[in-house]
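**Student:** Got a sequence here, can you model it:
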Amino acid sequence: MHHAFPCGHLALDFAGTLRARRDDRPTEMLGTPADLDAWFREAGVTDGDAGSSGADLVEAVAVREAVYALVRARLLGDPYDDEALDLVNRAAAVPSAIPQLTAAGRRVEATPRQALSEVARAAVDVLSSNDAALLKECGRPECTQVYVDRSRGGRREWCAMQTCGNRMKAATYRARNHARNASPV
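**Tutor:** Okay, here's the model as predicted:
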């Protein structure tokens, strides 16, 4: 698997394809049309390659940034940007791919615009539902992933325990040991 899906939500994981946004050099996970096709496939939006072109990639990155802008505005309690709203709504208005029943089971083939429509609709759903109040940004300073916190008491701190949670706990452990070893007895 080329891509990671720590947020557990289609639109939030898509927004997270630009990793470490606050770094001087964030990590772009959608560098080529093939990366975009792989993301759609690995996210379960399509079962095969969507056949993305360079223009499809440019559109997908624009929608990703619009989704992130809307999510970020929601987190900060700011009004939504009209251009971001328009872009996400236009992408969501594209008809969905139609699943087909084959001898092997269910199969979804989609154009890049149909696949992107699924992502945009997921963004509309999360930002217009009760889940919007549960949005949180990962507590690891270098990470900018946003997730829906459905944990007991709303106490989840990281996008994923396997990555950011482990890193933060290890850093805390090292700092505690360093302080303990550095203090005179």
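
**Student:** next helix or strand past the longest helix that the chain contains?
**Tutor:** Longest helix in the chain, counting residues (DSSP state H): helix 54-76. As assigned by DSSP states H and E, the chain's next helix or strand after helix 54-76 is helix 82-92.

**Student:** what packs against that following helix?
**Tutor:** helix 54-76, helix 112-128 (3 or more C-beta pairs under 8 Å, 6 or more residues apart in numbering; DSSP states H and E). Glycine gets a C-beta too; all of them are placed from N, C-alpha and C.

**Student:** Out of those helices, which is the most enclosed?
**Tutor:** helix 112-128 (a mean of 21; mean count of other C-beta atoms under 10 Å).

**Student:** Which strands or helices does that helix pack on?
**Tutor:** helix 10-15, helix 33-42, helix 54-76, helix 82-92.

**Student:** Need the residues that contact the first one.
**Tutor:** Same thing as helix 10-15. Residues outside helix 10-15 that contact it (C-beta atoms under 8 Å, 6 or more residues apart in numbering): 3-7, 39, 43, 45, 64, 67-68, 71, 118-120, 122-123, 125-126, 135, 145-148.

**Student:** just stretch 138-154 next, same as before
**Tutor:** Against stretch 138-154 from outside (C-beta under 8 Å, 6+ apart): 6-9, 12, 15-16, 19-23, 68, 71-72, 75, 126, 131, 134-137, 155-160, 164, 167-168.

**Student:** pLDDT of the longest helix of the chain, averaged?
**Tutor:** Across helix 54-76, pLDDT averages out at 97.
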